[in-house]
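Student: give me a model of this one.
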Amino acid sequence: MSWRPEEEAARRGPSPAGPGEDRLASVGQRVVGFAADAALAGTVLLTPGMLAADAVSFDDLGPGLTRLVALVAAVFLALYEVVPTALWGRTPGKAIVNIRVVGIGDERPPGWKGAVLRWVLPALAFQVAVVGWVLAIALRAVLALDPLHRGVHDRLAGTIVVRG
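Tutor: Numbering: from 1, shown residues only. You can find the predicted model right below:
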């Protein structure tokens, strides 16, 4: 299957949504899926902290335990994104808006390599002091300008996000 919008439109025939647009996930769907994933993962990560907020502070934990908490959070976020993307092509947030990640040349989930590559670039960007959040969002925001709605992380992994 081709992922050039004009070739896809010619193959499928006329579409009310325009050439190829009926198959690609919209920017809005991707934003809502990302927000849903952030809310779901954030809830899982913040709930234990909120439950223990009155009993324990970060000062009580000490530097070693604080680093361990940060490491556990990073591993959880990696697993939350990589495992479902590799196996099914979608995270819970993507499932909510009915979109999925596939390899650019096929309809299959990206597998482990593709899922890790999609995750690692934004994750590393978040680690940059002061501007990390801005950099990570900018890497994803490029998809608004791309005709196939691909962010830098999609290009790196050779993936595309489609409806269904």
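
Student: the helices in this protein, which residues?
Tutor: Along the chain, the stretches classed as helices by DSSP state H are 5-12, 27-51, 58-88, 92-96, 111-126, 132-141, 152-157.

Student: which of those helices sits closest to Gly103?
Tutor: For the helices of the chain, the distance to Gly103 is smallest for helix 111-126, at 6.5 Å, taking CB to CB. Quick note: C-beta positions are derived from backbone N, CA and C, even for glycine.

Student: list the buried residues of the closest one.
Tutor: Neighbour counts using 16 or more other CB atoms under 10 Å place Gly114, Ala115, Val116, Leu117, Arg118, Trp119, Val120, Leu121, Pro122, Ala123, Ala125 of helix 111-126 among the buried residues.

Student: what's the closest of those residues to Leu24?
Tutor: Arg118 (16.4 Å).

Student: lowest mean pLDDT among the helices and strands of this protein, which one is it?
Tutor: helix 5-12 (a mean of 46; mean pLDDT, DSSP states H and E).

Student: before we move on, the earlier item: pick the most buried one from the helices of the chain.
Tutor: helix 152-157 (a mean of 21; mean count of other CB atoms under 10 Å).

Student: what about that one, distance to the chain center?
Tutor: 11 Å (CA atoms, centre = their mean, to the nearest Å).

Student: dump it to CSV, keeping only the CA atoms.
Tutor: C-alpha atoms of helix 152-157 as CSV (Å, rounded to 0.1, in the frame of the first residue of the first chain):
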residue,chain,number,x,y,z
VAL,A,152,10.5,13.8,13.5
HIS,A,153,10.1,10.7,15.7
ASP,A,154,7.9,9.1,13.0
ARG,A,155,10.5,9.8,10.3
LEU,A,156,13.2,8.3,12.5
ALA,A,157,11.2,5.2,13.0
